[in-house]
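Chemist: can you look at this prediction? I've put the sequence above it.
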Amino acid sequence: MIDAETLVREQLSKLDPLPTTLSGDWDDVLSRVQRPAPATRLRRLVSIDLSPGGRRRRIAIAIAVLALLIAIPAFAIAGDWGSPPSWARPDAPHGPQVTVASGIEGGISWKLALYIGGGDQVCTALTVADDYYGSDSGCSGESASTYSSSNGEAPADWVGGEGMTSERSKIKWFVLGPVAKSVDRVSIRLRSGAEVPATIVPVPAQLGADVSFYYALSTDPDPVTAVVARSKDGTVLETYRFLSWG
């Protein structure tokens, strides 16, 4: 007999761990509901591609939970309770972490590093020198090869994305993600209809991923609605829409 509830709780805590300053006991949960800590202002956004003819996006946490539920009987049969499998540790670096961008926005310094995680995912480590974002890391949920072209065919996906937002920080949002090398430019579409150009950087060669990466950030509170990837002639290759913002 196995304690499935405990196993699920342990594996999910590895996917989305609490900050070190917080705990999971009930008294601490109640205190955070009454007085939210600044770090809780940071919210990751679940997103899905709803563009015409687009493909539904995989949601990393949902897949990990499904894989966990499938694997529980196998663990019970094998009786092997050693280290969790690689899919249970998607943020674990599988190689070096390389800084690709840094700067100061709204008087706040920030730094973005890339690394390769489980399943050949392109992962990010973002550090912001304020009380709201702090340090955060996460993976794209898809293999880097998803954004690679082969035999002259278009990649399975042109662009991915993840958003982070804080109401209290001077930096109102970050949007970043992998993008196919053949994409000429990426822009961030806001609710007002305006578009903010993103910066595209090549994934460092030492990471061994045939893909580029983009990022954008702003002090403008206008909410983000989508990421748009375009070719050199301006053709929209993919529109990656966020289901919600904030």
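Modeler: Looks like it came in fine. Residues are numbered from 1 along each chain as shown.

Chemist: please verify my assumption that Ala129 contacts Ser109.
Modeler: Yes: the criterion here is CB atoms under 8 Å, and Ala129 meets it with Ser109 at 4.6 Å. C-beta here means a position set from N, CA and C on the backbone, and glycine is covered the same way.

Chemist: which stretches in the protein count as strands?
Modeler: 43-44, 98-105, 108-116, 121-128, 134-143, 162-165, 173-179, 185-190, 195-197, 199-202, 212-218, 224-230, 236-241 (DSSP state E).

Chemist: just the ones you listed: most buried one?
Modeler: strand 173-179 (a mean of 27; mean count of other CB atoms under 10 Å).

Chemist: how near is Gly95 to Gly208?
Modeler: 7 Å (CB to CB, to the nearest Å).

Chemist: which residues do these two both contact?
Modeler: Ile116 (CB atoms under 8 Å, 6 or more residues apart in numbering).

Chemist: separation between the residue nearest to Lys111 when sequence neighbours are not counted and Val224?
Modeler: Of all residues not flanking Lys111 in the chain, Ser102 sits nearest, at 4.2 Å (CB to CB, 6 or more residues apart in numbering). For Ser102, the distance to Val224 equals 22 Å [CB to CB].

Chemist: let's have the strands of the chain in a markdown table, adding mean pLDDT.
Modeler: Converted to a markdown table, the strands of the chain look like this (pLDDT from 0 to 100):
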| stretch | mean pLDDT |
| --- | --- |
| strand 43-44 | 37 |
| strand 98-105 | 94 |
| strand 108-116 | 93 |
| strand 121-128 | 89 |
| strand 134-143 | 82 |
| strand 162-165 | 86 |
| strand 173-179 | 92 |
| strand 185-190 | 96 |
| strand 195-197 | 96 |
| strand 199-202 | 94 |
| strand 212-218 | 94 |
| strand 224-230 | 94 |
| strand 236-241 | 93 |
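
Chemist: out of these, which gets nearest to Ala154?
Modeler: Nearest to Ala154 among those is strand 236-241 (8.2 Å), distances taken as CB to CB.

Chemist: quickly run through the sheet partners of that closest one, with directions.
Modeler: strand 224-230 (antiparallel) (DSSP bridges).

Chemist: rewinding a little: make JSON lines out of the strands of the chain and add distance to Ser150.
Modeler: What follows is these, written out as JSON lines (distance: least, CB to CB, whole Å):
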{"stretch": "strand 43-44", "distance to Ser150": "31"}
{"stretch": "strand 98-105", "distance to Ser150": "25"}
{"stretch": "strand 108-116", "distance to Ser150": "19"}
{"stretch": "strand 121-128", "distance to Ser150": "17"}
{"stretch": "strand 134-143", "distance to Ser150": "13"}
{"stretch": "strand 162-165", "distance to Ser150": "25"}
{"stretch": "strand 173-179", "distance to Ser150": "16"}
{"stretch": "strand 185-190", "distance to Ser150": "22"}
{"stretch": "strand 195-197", "distance to Ser150": "29"}
{"stretch": "strand 199-202", "distance to Ser150": "18"}
{"stretch": "strand 212-218", "distance to Ser150": "16"}
{"stretch": "strand 224-230", "distance to Ser150": "18"}
{"stretch": "strand 236-241", "distance to Ser150": "17"}
